[in-house]
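> with the sequence up front, the predicted model follows.
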Amino acid sequence: MLRHTLALVLCGALVTTGCATAAGPRIAQAPVTPQDKAILADYVQRLPVGSRVRVEQADGRSFRGTLMKATTQAILVQKNTRVPEAPVEVALDQLTRVTLDQGGSSAGKTVAIGVGAGIAASLGFLLILFATLGD
């Protein structure tokens, strides 16, 4: 009986796990002050045109794209989308953060994730198999 319960709990855990992505900011962000705006304007103007950036807006939305132009009032970014879109101009008043996008993943990291997922799936299958055949 205990094995059946454990097998059901493990199956439920495997099926119901979700990812941790969620829209909107994780914590409340303070409003942008004029001094922060000046610092942000200076920062984005120093970024080279063509840099891949991640733009986070005050309303919680964010997107990735290529910096096309930066002025003291706004930035112009070409979004990274599957279907081409017109460049987006975002006022500095609406921004909370602009960061350089470093690319994210390397080949070694991708291989390690694949190996880990394969081992976890195999172990889960074996545990369920042992629980059901152990009776």
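Structure's in. What do you need?
> all contacts plus neighbour counts: C-alpha atoms, from now on.
Fine.
> beta-bridge partners for the residue nearest to Val98 when sequence neighbours are not counted, please?
Excluding the flanking residues, the one nearest Val98 by CA to CA, 6 or more residues apart in numbering is Val55, at 4.7 Å. On the basis of DSSP bridges, Val55 is bridged to Phe63, Val98.
> Val55: how many residues sit nearby?
23 (other CA atoms under 10 Å).
> isn't it right up against Arg64?
Yes: taking CA atoms under 8 Å as the definition, Val55 is a contact partner of Arg64 at 6.2 Å.
> biggest helix in the chain by residues?
In the chain, taking DSSP state H as the definition, the longest helix is helix 107-133.
> next, the buried residues of that helix.
Gly124, Leu127, Ile128, Ala131 (16 or more other CA atoms under 10 Å).
> using JSON lines, please lay out these together with pLDDT and distance to Ile113.
Output for the buried residues of helix 107-133, formatted as JSON lines (pLDDT from 0 to 100; distance: CA to CA, whole Å):
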{"residue": "Gly124", "pLDDT": "92", "distance to Ile113": "16"}
{"residue": "Leu127", "pLDDT": "91", "distance to Ile113": "21"}
{"residue": "Ile128", "pLDDT": "91", "distance to Ile113": "22"}
{"residue": "Ala131", "pLDDT": "88", "distance to Ile113": "27"}
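> any chance of these in JSON lines, with distance to Lys109 too?
Shown next, in JSON lines, are the buried residues of helix 107-133 (distance: CA to CA, whole Å):
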{"residue": "Gly124", "distance to Lys109": "22"}
{"residue": "Leu127", "distance to Lys109": "27"}
{"residue": "Ile128", "distance to Lys109": "29"}
{"residue": "Ala131", "distance to Lys109": "33"}
